[in-house]
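1. just a sequence and a predicted model for now, questions to come.
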Amino acid sequence: MKKISRWLAGGTMALAACAHPQPTHHLSHAVPLTRQEIPSRDIIRSQAELNNYLRLTPNNSSPLRYLTADARERFLASLRFNQRGVTTFGYADLQAQLPASEIHEILALFGLQKDTSLIALRR
């Protein structure tokens with residue numbers, strides 16, 4: 001599975017391909033957020049925020065609607081978070097199914113829109 005990993009090295013953000021998934025970080029102690037705390041333009045930075053986004057956002061108004069149901073589930077299952085946000089995600093389905101504009105919209109949910117060209121160019 002194609003994955004993108006992010007890490008901080010010497011104060012700069014680095015990007016590399018990673019073949020092995022990272023363990024999922026679940027925030028079991030997280031307090032559920034209300035719709036007001038996760039406006040649609042806010043960046044999703046944790047599994048708890050993602051869960052709330054999915055619960056509170058109608059599917060027809062989310063950029064995730066561009067993916068097939070199976071691809072959406074694979075993409076969401078591939079997401080890994082740390083304290084700063086997404087650290088790893090699988091991009092094979094994004095790359096195979098979507099144009100750059102739709103990839104951009106999905107990645108923008110997580111503040112990763114600058115990675116759009118890296119994924120779209122690998123076609």
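-> That came in fine, so what should we check first?

2. where along the protein do the helices fall?
-> 47-56, 69-78, 92-97, 100-108, 116-120 (DSSP state H).

3. mind putting the ones you listed in TSV, mean pLDDT included?
-> What follows is the helices of the chain, written out as TSV (pLDDT from 0 to 100):
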stretch	mean pLDDT
helix 47-56	97
helix 69-78	98
helix 92-97	95
helix 100-108	96
helix 116-120	89
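
4. and of those helices, who's closest to Pro63?
-> Nearest to Pro63, of all these, is helix 100-108, at 3.7 Å by C-beta to C-beta. (C-beta placed from N, C-alpha, C; glycine too.)

5. check which helices and strands the closest one sits against.
-> Counting contacts by 3 or more C-beta pairs under 8 Å, 6 or more residues apart in numbering; DSSP states H and E, helix 100-108 packs against helix 92-97, helix 116-120.

6. dump those into CSV; add mean neighbour count and distance to Ala48 as well.
-> Output for the helices and strands packed on helix 100-108, formatted as CSV (neighbours: other C-beta atoms under 10 Å; distance: least, C-beta to C-beta, whole Å):
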stretch, mean neighbour count, distance to Ala48
helix 92-97, 17, 23
helix 116-120, 18, 25
